[in-house]
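K.L.:
predicted model and sequence follow; I will ask about them next.
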Amino acid sequence: MILSSTSLPLPATVAGVFWQACLTGQLPYHLGITLLRLIASFAIAMPLGCAIGILLGRNKKLDAFFDNWLILFLNVPALVTIILCYVWFGLIEAAAIFAVVANKLPNVIITIREGSRALDQDLLDMARSYHFSKRKTLVHVIWPQLYPFVMAATRSGLALIWKIILVVELLGRSNGMGYQLHLFFQLFDVASILAYTIAFVAIIQLLEMALLKPLDIQARRWRR
Amino acid sequence: MTTININIRNKRYPQATVISDFRLALNAGEFVCLLGPSGCGKTTLLNCLSGLDTSYEGEVLLGEKHTHPKIGYIFQNPRLLPWRTVRENIQLVLDQQQTPDSLDALLDAMHLLEVQHQYPERLSLGMSRRVAIIRAFAINPDILLMDEPFVSLDAPTARQVRELLLQLWQQRPHTVLFVTHDLREAIAMADRLVFLSANPMQVVCEVRIPYSRAQRQDETLLEDFRMQLKSKYPELKDLL
């Protein structure tokens, strides 16, 4: 009985729902919207977080000043930032993106800060004694050392953004995965919830295999 | 060619004074070896000369005032960028895309032509050191600073690299300050030896080597000279 109940549908049922949702265009539409939000917030949070992280990692005074603030923002519950953003800026797209960025940024900063604290001083001295330009030092000396940290921030960041973005959509948007899942929750439509989750996991796997893994291999080619 | 005038009154680290009242002048094109106990501050001195360390009292004058001589610095460890190939490591210290034809010749002379597209982690330490030496020579330096570049090389390799280095130096003379604690090595290469004391580092004495480089092929001659030094300067017995 329980095996085919609505609260625990059979895989075949879920596959059928998934296929239907794809055909009607519902699932691609909402998944696309969420993906766009993900790209936008990721594209803002990563470069900004890297820049601030490097700055804090290389400048002790700045670091001492912002350290407590960073811990504070790192530990503010995501829900609080989201609600505040909606209250202050209204139920608009920019508020949604800003809420995601505000949640993601401290994580990036902390990871990159650790990376730039661990930079090899011997190599920096070498670059300085051979009069490397700022750009040359950044591209050839600093960036390759930060790369593993950037990759770590990317992976953990993507996972975090996925989770937060759904809450943001659930609370204040009328489209996207979060909105849809909320709808299915009200209808107790577990099959749809599972179907959307599968689509979701598939996208993450695709990103990992098509983008992150090849980047990793490319960056590690010099290692023994 | 470039002269070097060092007058460091005081250089201290938080715990101790490393260098005090240190005076040394090098003629243009001179090859000077600094010999001293390990930890006496030789590396610190080279860092002051290269401009990496500016927190000292006193002056370091390289060449005429307001000129910026090119300095090739060969560090104690090779300090190659592990994520760039041998050739890229050398090209990076050059301006823009200009690659001198002499780079291939240098690589060939150092027996590195076959490995030029490899990454440094796949090289032996001896090879990495040779790459670091080429990197310093590639910029056509006016001044060459060397910080025990042959340490932890086996004797034949060290000898080979030493000879190559002398060859390069003779082809295009520049002022050399070479730090070592191997007296044999110093006698084989330098025009002048400068012995240093520790805590704080000061010049104990200076010795000019009276032989031409051709004469120095004779090992016994060098060994005799070393013995002479030993009897003449008993106070240096730790170094000799």
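P.N.:
Received the coordinates, thanks.

K.L.:
tell me the secondary structure at residue B:204.
P.N.:
The three-state label given to residue B:204 by DSSP: H, G, I helix; E, B strand; the rest coil is strand.

K.L.:
how close does the closest residue to it other than its chain neighbours sit to residue B:150?
P.N.:
For residue B:204, the nearest residue in space outside its immediate sequence neighbours is residue B:195; the separation is 4.5 Å by CB to CB, 6 or more residues apart in numbering or on different chains. For the C-beta atoms, the positions are set from N, CA and C on the backbone; glycine is no exception. Taking CB to CB, to the nearest Å as the measure, residue B:195 and residue B:150 are separated by 19 Å.

K.L.:
likewise residue B:182?
P.N.:
8 Å.

K.L.:
so residue A:168 touches residue A:100, yeah?
P.N.:
Yes - between residue A:168 and residue A:100 there is a contact under CB atoms under 8 Å: 6.0 Å.

K.L.:
what touches both of these two?
P.N.:
With contacts defined as CB atoms under 8 Å, 6 or more residues apart in numbering or on different chains, the residues adjacent to both residue A:168 and residue A:100 are residue A:37.

K.L.:
that older thread, a strand runs through the residue nearest to residue B:204, doesn't it?
P.N.:
Yes - under three-state DSSP, residue B:195 falls within a strand.

K.L.:
how close does it get to residue B:177?
P.N.:
14 Å.

K.L.:
contacts only, for residue B:16.
P.N.:
Going by CB under 8 Å, 6+ apart, residue B:16 touches B:199, B:200.

K.L.:
where's it relative to chain A, distance?
P.N.:
21 Å (CB to the nearest CB, to the nearest Å).

K.L.:
report the contact partners of residue 85.
P.N.:
I'll assume chain A. Residues in contact with residue A:85 (CB under 8 Å, 6+ apart) are A:95, A:96, A:98, A:99, A:102.

K.L.:
the chain in question should be chain B.
P.N.:
Contacts of residue B:85 (CB under 8 Å, 6+ apart): B:116, B:117, B:118, B:119.

K.L.:
try residue B:30
P.N.:
The contact partners of residue B:30, taken as CB under 8 Å, 6+ apart, are B:175, B:176, B:191, B:192.

K.L.:
returning to that earlier point: and the contacts of residue A:85, which is closest to chain B?
P.N.:
Closest to chain B out of the contacts of residue A:85 is residue A:102 (33.8 Å), distances taken as CB to the nearest CB.

K.L.:
in TSV, list the contacts of residue B:85 along with distance to residue B:14, neighbour count and secondary structure.
P.N.:
Listed next are these as TSV, based on distance: CB to CB, whole Å; neighbours: other CB atoms under 10 Å in any protein chain shown; DSSP: H, G, I helix; E, B strand; the rest coil:
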residue	distance to residue B:14	neighbour count	secondary structure
B:116	43	18	coil
B:117	44	9	coil
B:118	41	16	coil
B:119	38	20	coil
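
K.L.:
which of these scores worst on pLDDT?
P.N.:
In terms of pLDDT, the least confident member of these is residue B:116, at 89.

K.L.:
residue A:73 - nearest residue in space that isn't next to it in sequence?
P.N.:
Counting by CB to CB, 6+ apart, residue A:106 is the residue found nearest to residue A:73 once chain neighbours are left out, at 4.6 Å.

K.L.:
residues from chain A in reach of chain B?
P.N.:
Residues of chain A that fall close to chain B, judged by CB under 8 Å from any CB of the partner chain: A:122-123, A:125-126, A:128-130, A:132, A:136, A:140-141, A:144, A:219, A:221-224.

K.L.:
and with 10 Å instead?
P.N.:
Residues of chain A found near chain B, taking CB under 10 Å from any CB of the partner chain as the criterion, are A:120, A:122-133, A:136, A:139-141, A:143-145, A:147, A:219-224.

K.L.:
who wins for most neighbours among the contacts of residue A:85?
P.N.:
residue A:99 (27 neighbours; other CB atoms under 10 Å in any protein chain shown).
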